[in-house]
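1. Model the following, please.
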Amino acid sequence: MHAMKREFYLHAIPLEEAQARWEKLWQECGLSERLAVETVPVDEALGRITARPAFAAISSPHYHAAAMDGFAVRAEDTFGASETQPLRLSVPDQAVAVNTGEALPEGYDAVIKIEDVQQTDGAIEIIASVPPWHDTRPVGEDIVITEMVVPAGRRLRPVDLAG
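-> Numbering: from 1, shown residues only. Have a look, this model is predicted:
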């Protein structure tokens with residue numbers, strides 16, 4: 001059995017020399033200057049490279065939102081409800097009808113799903129209490145105002161541009 005002769009095609013050079021060669025090549029190709037920055041509409045940004053990071057101008061959602069169709073309530077108003085002792089909440093004083101994604105009325109902090117209530121004249125009847133923020137989406141659940149959405153140097157993909 002004979003030893004196989006290996007040929008190496010990489011040669012180690014000092015870091016400073018490698019960086020100098022890299023810079024020289026960039027200059028020779030005319031790429032040493034920073035490219036111009038331009039602003040483009042979102043629908044034209046796919047595949048473009050970000051020049052600087054982009055930050056959220058508002059939170060998403062920017063209000064406390066219902067995560068279900070049902071009734072917005074104050075969680076504390078539901079305490080004590082059970083199958084053996086259903087609780088009646090007056091509409092619209094203690095319960096307000098909401099659709100998924102809709103803003104919770106001021107002072108309300110939970111949602112009871114529509115399928116979990118019995119509607120009667122001017123009231124709903126519930127058989128279980130709910131904790132605060134049940135079936136809701138609080139302000140900033142997806143993105144908080146000032147949060148970085150995309151960093152500098154990113155090639156924008158469809159997911160980056162979804163709104």
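2. what's stretch 34-41 in contact with?
-> Here stretch 34-41 makes contact (Cβ atoms under 8 Å, 6 or more residues apart in numbering) with 48, 51-52. Using the backbone N, CA and C atoms, a C-beta is placed for each residue, glycine as well.
3. Isn't Gly47 up against Pro158?
-> No. Counting by Cβ atoms under 8 Å, Gly47 does not reach Pro158; the two are 9.8 Å apart.
4. Name the nearest residue to Pro138, sequence neighbours excluded.
-> In this structure, Pro138 finds its nearest non-sequential neighbour in His64, 5.5 Å apart by Cβ to Cβ, 6 or more residues apart in numbering.
5. got a list of what that neighbour touches?
-> Neighbours of His64 in contact, by Cβ under 8 Å, 6+ apart: 103-104, 109, 136-139.
6. same thing with Gly107?
-> Contacts of Gly107 (Cβ under 8 Å, 6+ apart): Arg74.
7. part of a strand, is it?
-> No. If the criterion is DSSP: H, G, I helix; E, B strand; the rest coil, then Gly107 is coil and not within a strand.
8. where in this structure is pLDDT low?
-> Residue ranges of the chain with pLDDT under 70: 1-2, 163.
9. The same query, at a cut-off of 90, please.
-> For the chain, the stretches with pLDDT under 90 are 1-13, 22-23, 25-37, 42, 120-121, 160-163.
10. Who does Gln119 form a beta bridge with?
-> Beta-bridge partners for Gln119, by DSSP bridges, are Ile124.
11. Compute the number of surrounding residues for Arg88.
-> Residues contacting Arg88 under the criterion other Cβ atoms under 10 Å number 15.
12. could you say which helix or strand contains it?
-> strand 87-90 (DSSP states H and E).
13. Within the sheet, what are the partner strands of that strand, with directions?
-> strand 123-126 (antiparallel).
14. Thanks again, I'm all set now.
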